[in-house]
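Undergrad: the following block contains a protein sequence and its predicted model.
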Amino acid sequence: MSLSGWGGYPKTKAKAIFFRDTGELTRQVSEASSFIARGMGRSYGDSSLNNSCVLSTNRYNRFLEFDSEAGIVKCESGVTLAEVIDISINLGWFLKVTPGTKFVSIGGAIASDVHGKNHHLDGSFSSCVNSFSLLVPSGEVVNCSRSENADIFFASFGGMGLTGVILEVEFQLIQVESAYISQTSIKAANLKEAMAAFENAKETTYSVAWIDCLANGDALGRSLVMAGEHASINQLSTNIKATPLIVKPKPTLSVPFYLPSWLLNKLTVKAFNQLYYYKGKAGEGQLVDYDSFFYPLDSIHHWNRIYGRKGFVQYQCVLPLANSYEGLKSILELISASGQGSFLAVLKLFGKQEGYLSFPMEGYTLALDFPLNSRLFSLLEKLDSVVSQYDGRIYLTKDARMNSRFFAKSYEKQLNRFLDVKKKLDPDNKLRSLQSERLGL
Amino acid sequence: MSKTIMIIGAKSDIARAIAHEFASKGYNLQLLARKSDSLLKGVADLKIRYRIDVECFEFDVLDFKSHTVFVNSLPLLPDVVVSLVGSLGDQHQSQNEWDACESVLDTNFSGPVSILNVLANKLEERKRGTIVGVSSVAGDRGRQSNYLYGSAKAGFTAYLAGLRNRLNKSNVHVVTVKPGFVNTSMTADMDLPERLTAQAEQVADDVYQAVIKKKNTLYTLWFWRYIMLIIKSIPEFIFKKLSL
């Protein structure tokens, strides 16, 4: 069947296997010449693609245990974060770390070692996982935790599925008093102000900024910075106090078909960004439900279709703290001058991070979408060289096109350590994605 | 008080989807299958997701003699009964070996009839309930590629129609479900046309709606009603020459 990542670029054809149990999976793995696991297909580029065999976890999605006293869940790797929230929020539990969409699988969250708006305090997804089992190419199932096969455990976070197929996962939830977030919004007129706002919000659990990457001159990097905490019961208004853990389902919209790609051009995006910035209200103590705060785009199904059939590339880089201002300034100038970037660019301050190929490092990360066009790749090459110059790196989960040289340089410190583990588990290099082939991973 | 649905033949993909659909609407579940141990992982999942009661019962649809005892020993008579028992078999093998043929006829007709007979009497006595029988579009007209399976299903369709007629005055409703192509492990090796093929979850949603709306015959997906209308209307002297 025809497959692509969330960005719709690149596309490939592969045999997709929808396994339900490990017996079936083991049989497929022993027959395949090469394979990669795939969850919800929410990585943007080619991380979950392979030309021969893709092992979908979509039907491998049973909950196995839920200890609602301790907030510990055990489930198969195809369960999505949305499903975890569905069983837990009403009982006062929430995800410790969540990315900007809840439509990712637990297996995918590990493979990408996803981060959330609380990375500066709580780290990446790895911080909530107690243990998992992993099917490796030999057909063996390996149990991994901080105390058992610790090297495989850590290498699998951010390992892009290249250590094996993640099977059963046990992870910890956090207790919340309500399903609401108390949010503070700050308007930052430029990049300096935005970074100052992040510094001020360092003790706040959640922080993130929407940044207008087409603004230039004095307004370069203008942003709406949003900081939030889980709301306690006494912060709620009287009408929701009675049912603090219940959020009424909202109507969802859907983009039913691919929009023509000319629709998003410099003018429309600029107009949207202007409007969004001026419409944004600064203020404290705004109460928003968890869906609106964490997953604003999930209410529009297939939003990726707004970029047209050709698809788009998301570019997400991180720069070390000391270089962040200079680096971001250069990057934003390049984007603004090119007129390409789109709306919904995101800026965020990461905290420290341990790991193998996990993306975050202490410093600022910028993420934005670029609709695919003939001028795009030369711009992205230029951005790569700025990121490289400032010792930053880009997020493999978003990547569809970086070259292996840049990758090897930017992940240099951890790469050999990762490859040692991979070689041990997969001597014949059967675990491959189009991305790993491109990057020599 | 929450309702209970009994699913006979609980291991199939459609059964799993129906269990999830009704559980999500608050129904407690009685799951019947042979080697019911293999249902256990799925049971934990259902309980965690929907916080409902799930009970598994060891049940062999081909052990006709056990059915009355089985129904009498049930802790609770369900509100809705769904029979999903069935097996495609292998047409070629079935037309050559009686054992294979008998197994297809028993699994798709005699077995479900045997258990539904007993349950129908109970529901009739109680004067409340719904029986859902999953038949097949293959029962609408015999074709050389699967007429043994098809004829058993045709018999089952006629059985359900008769049962519906009989139980109407007792406030027990009978739904006949005729799925077309469904993407399941039963059809995993077949190359099904994508546009005509339903996911098990769509079938389950249709079945739930049919129970609520008291539909008599449900084609799922809906357009199979019209596909079968055309197939049924082809004159026999032409039909017999077709390779269907």
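TA: That came in fine, so what should we check first?
Undergrad: lowest-confidence helix or strand of the chain?
TA: All of this refers to chain A. Least confident element among the helices and strands of chain A, by mean pLDDT, DSSP states H and E: helix A:266-279 (a mean of 73).
Undergrad: that answer is for a different chain, and I need it for chain B
TA: That would be, for chain B by mean pLDDT, DSSP H and E, strand B:182-183 at a mean of 88.
Undergrad: any low-confidence regions in chain B?
TA: Scanning chain B for pLDDT under 70 picks out B:186, B:188-189.
Undergrad: now do the strands in it.
TA: Remark: strands assigned in chain B by DSSP state E are B:4-8, B:28-33, B:54-58, B:80-83, B:129-134, B:172-179, B:182-183, B:198-199, B:217-220.
Undergrad: residue B:119 against residue B:133, yeah?
TA: No. Between residue B:119 and residue B:133 there is no contact under CB atoms under 8 Å: 11.0 Å. To be clear about C-beta, it is placed using only N, CA and C from the backbone, and glycine gets the same treatment.
Undergrad: of these two, who's got more company?
TA: Neighbour count, other CB atoms under 10 Å in any protein chain shown: between residue B:119 and residue B:133, residue B:133 has more, with 27 against 22.
Undergrad: please name the nearest non-neighbouring residue to that one.
TA: residue B:160 (4.4 Å; CB to CB, 6 or more residues apart in numbering or on different chains).
Undergrad: and residue A:235, by the same measure?
TA: Spatial nearest neighbour of residue A:235, excluding adjacent residues (CB to CB, 6+ apart): residue A:182 at 5.3 Å.
Undergrad: check residue B:115 too.
TA: Per CB to CB, 6+ apart, closest to residue B:115 is residue B:67, 4.8 Å.
Undergrad: who are the contact partners of that neighbour?
TA: Residues in contact with residue B:67, defined by CB atoms under 8 Å, 6 or more residues apart in numbering or on different chains, are B:114-115, B:117-118.
Undergrad: now it: how far from residue A:124?
TA: 56 Å (CB to CB, to the nearest Å).
Undergrad: ditto for residue B:244
TA: Remark: distance between residue B:244 and residue A:124 (CB to CB) = 57 Å.
Undergrad: look at those two and report which has more neighbours.
TA: The neighbour comparison of residue B:244 against residue A:124 (other CB under 10 Å) goes to residue A:124, with 27 against 13.
Undergrad: quick check: that one vs residue A:83, distance?
TA: Residue A:124 is 21 Å from residue A:83, by CB to CB.
Undergrad: secondary structure class for residue A:187?
TA: Using DSSP: H, G, I helix; E, B strand; the rest coil, the structure places residue A:187 in strand.
Undergrad: count of neighbours near it?
TA: Neighbour count for residue A:187, taken as other CB under 10 Å: 17.
Undergrad: so what's it bridging to?
TA: Residue A:187 has these beta-bridge partners by DSSP bridges: residue A:224.
Undergrad: ok, now how distant is it from residue A:220?
TA: Using CB to CB, residue A:187 is found at 15 Å from residue A:220.
Undergrad: over to residue A:399?
TA: Counting by CB to CB, the gap from residue A:399 to residue A:220 is 25 Å.
Undergrad: what about these two, which has more around it?
TA: residue A:399 (27 against 20).
Undergrad: assumed the more buried one was part of a helix.
TA: No. Using three-state DSSP, the secondary structure at residue A:399 is coil, not a helix.
Undergrad: skip the chain neighbours and tell me the closest residue to it.
TA: residue A:45 is the one closest to residue A:399 (CB to CB, 6+ apart), at 5.1 Å.
Undergrad: these two touch, right, the one you found and residue A:12?
TA: No. At 11.3 Å, residue A:45 does not count as touching residue A:12 under the criterion of CB under 8 Å.
Undergrad: who has more neighbours, those two?
TA: The neighbour count for residue A:45 versus residue A:12, taken as other CB under 10 Å, is higher for residue A:45 (28 against 16).
Undergrad: tell me the secondary structure at the more buried one.
TA: Residue A:45 - assigned by three-state DSSP - is coil.
Undergrad: can you check the pLDDT for whichever residue of the stretch 301-441 of chain A sits closest to chain B?
TA: Going by CB to the nearest CB, chain B is nearest to residue A:301 of the stretch 301-441 of chain A, at 15.9 Å. Residue A:301 is assigned 88 on the pLDDT scale.
Undergrad: now it. Nearest residue, chain neighbours left out?
TA: residue A:254 (4.0 Å).
Undergrad: distance check, that neighbour against chain B.
TA: Distance of residue A:254 to chain B, computed by CB to the nearest CB, to the nearest Å: 17 Å.
Undergrad: ok, that residue - contacts?
TA: By CB under 8 Å, 6+ apart, residue A:254 lies in contact with A:300-302.
Undergrad: which stretches of chain B form helices?
TA: Assigned by DSSP state H, the helices in chain B fall at B:13-24, B:40-50, B:67-72, B:91-96, B:98-105, B:111-126, B:147-167, B:200-212, B:224-233, B:236-239.
Undergrad: so what's the gap between the second one and the chain middle?
TA: For helix B:40-50, the distance between its averaged C-alpha position and the chain's averaged C-alpha position is 22 Å (CA atoms, centre = their mean, to the nearest Å).
Undergrad: wondering if it reaches chain A at all.
TA: Yes. Residues of helix B:40-50 are located near chain A by CB under 8 Å from any CB of the partner chain, namely B:41-42, B:44-45, B:48-49.
Undergrad: can you name the two of the residues you listed that are farthest apart?
TA: Farthest-apart pair in the residues of helix B:40-50 next to chain A is B:41 and B:49; separation 12.8 Å (CB to CB).
Undergrad: so which of those two has more stuff around it?
TA: residue B:49 (18 against 15).
Undergrad: ok, the more buried one - contacts?
TA: A:63, A:83, A:86-87, B:20, B:23-24.
Undergrad: how about 10 Å then?
TA: Neighbour list for residue B:49: A:62-63, A:66, A:79, A:83, A:86-87, B:20, B:23-24 [criterion: CB atoms under 10 Å, 6 or more residues apart in numbering or on different chains].
Undergrad: picking that back up, list the residues that are in contact with both of residue B:119 and residue B:133.
TA: Joint contacts of residue B:119 and residue B:133 (CB under 10 Å, 6+ apart) are B:8, B:81, B:83.
Undergrad: flag every residue of chain B that's near chain A.
TA: By CB under 10 Å from any CB of the partner chain, the residues of chain B that approach chain A are B:13, B:16, B:24, B:38, B:41-51, B:183, B:185, B:188, B:194, B:200.
Undergrad: check the spacing between residue A:160 and chain B real quick.
TA: Distance from residue A:160 to chain B, by CB to the nearest CB: 28 Å.
Undergrad: could you tell me how many residues sit around residue A:365?
TA: The burial count for residue A:365: 24, using other CB under 10 Å.
Undergrad: confirm it sits in a helix?
TA: No. Judged by three-state DSSP, residue A:365 forms no part of a helix; its state is strand.
Undergrad: my guess is it contacts residue A:117, does it?
TA: No. Taking CB atoms under 10 Å as the definition, residue A:365 is not a contact partner of residue A:117, at 11.3 Å.
Undergrad: now for these two: what residues contact both?
TA: A:346, A:348.
Undergrad: and the residue nearest to residue A:301, its phi and psi?
TA: Torsion angles at residue A:254 (phi, psi; degrees, to the nearest 10) stand at phi -140, psi 140.
Undergrad: ok so, going back, overlap in contacts of residue B:41 and residue B:49?
TA: Contact criterion CB under 10 Å, 6+ apart; residues shared by residue B:41 and residue B:49: A:62-63.
Undergrad: domains in chain A, by residue range?
TA: Split into domains by automatic domain parsing, chain A comes to A:63-176, A:180-402.
Undergrad: can you say which of those domains is packed in most?
TA: With neighbours taken as mean count of other CB atoms under 10 Å in any protein chain shown, the domains of chain A reach their highest mean count in domain A:63-176, at a mean of 21.
Undergrad: got the contact list for the residue of chain A most remote from its centre?
TA: The C-alpha centroid of chain A is most remote from residue A:238, which lies 35.1 Å away (CA atoms, centre = their mean). Neighbour list for residue A:238: empty [criterion: CB under 10 Å, 6+ apart].
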